[in-house]
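S.K.: I would like to see how this sequence folds:
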Amino acid sequence: MKDQNMKRVVRFIYLSGVRIGQALALDPEDVHLEKRTISINKSYQFGELKGPKTKADYRTIGMNDELMETVAEREHPLAMYVFTSDLKWAKRVMSTQQYGGGCINEVCVHMMVKGVPF
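M.R.: Below is the predicted model of the structure:
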């Protein structure tokens with residue numbers, strides 16, 4: 001992990017108060033920028049994705065301005081290509097991520113678009 005990303009993860013854990021395993025288990029659909037909330041509903045423990053340790057760990061936390069900035073600082077790719085036979089999952093990924101352009105199970109699309117900088 002790059003130092004910049006590690007600092008962002010540590011800052012996120014500090015500002016949000018989540019456990020390390022909970023932070024590692026977050027999916028894009030757990031982060032609701034428009035509502036300024038994060039849903040904690042799973043944890044990464046001993047190399048496995050599991051439910052939180054206690055019932056109290058299932059929670060929604062609010063994001064203050066500093067935490068919102070930390071979440072928004074992550075890099076957004078110029079393009080996203082998703083290859084899978086699970087189209088429901090692919091559509092969920094494509095709808096929850098920020099990227100310049102993307103497609104599912106297709107690579108020729110960007111080659112045919114004039115003005116794309118790559």
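
S.K.: pLDDT wise, what is the most centrally placed residue in the chain at?
M.R.: For the chain, the residue nearest the mean C-alpha position is residue 28 (3.4 Å; Cα atoms, centre = their mean). Note for residue 28: predicted pLDDT of 79.

S.K.: Would you check that it makes contact with residue 93?
M.R.: Yes - under the criterion of Cβ atoms under 8 Å, residue 28 makes contact with residue 93 at 7.5 Å. All C-beta atoms are positioned from the backbone trio N, CA, C, and that covers glycine.

S.K.: Now do the strands in this structure.
M.R.: Taking DSSP state E as the test, the strands found in the chain are 31-32, 37-40, 43-45, 48-50, 59-62, 79-82, 101-104.

S.K.: So for the residue lying closest to residue 83 once chain neighbours are set aside, what's the pLDDT?
M.R.: Among residues not flanking residue 83 along the chain, residue 105 sits closest, at 5.7 Å (Cβ to Cβ, 6 or more residues apart in numbering). Here the pLDDT value assigned to residue 105 is 80.

S.K.: Could you do the one 10 residues further on as well?
M.R.: Residue 115 carries a pLDDT score of 61 in this model.

S.K.: Ok, residue 76 next?
M.R.: So residue 76 comes in at 67 (pLDDT).

S.K.: Over to the one 5 residues further on?
M.R.: Residue 81 carries a pLDDT score of 80 in this model.

S.K.: residues near it, how many?
M.R.: Per other Cβ atoms under 10 Å, the neighbour tally for residue 81 reads 15.

S.K.: Could you do residue 40 as well?
M.R.: By the criterion of other Cβ under 10 Å, residue 40 has 20 neighbours.

S.K.: swap in residue 100?
M.R.: Neighbours of residue 100 using other Cβ under 10 Å come to 13.

S.K.: quick one: the nearest residue to it once chain neighbours are set aside and residue 35, what's the gap?
M.R.: Ranked by Cβ to Cβ, 6+ apart and with sequence neighbours excluded, the top spatial neighbour of residue 100 is residue 78, at 4.3 Å. When Cβ to Cβ, to the nearest Å is the yardstick, residue 78 and residue 35 sit 27 Å from each other.
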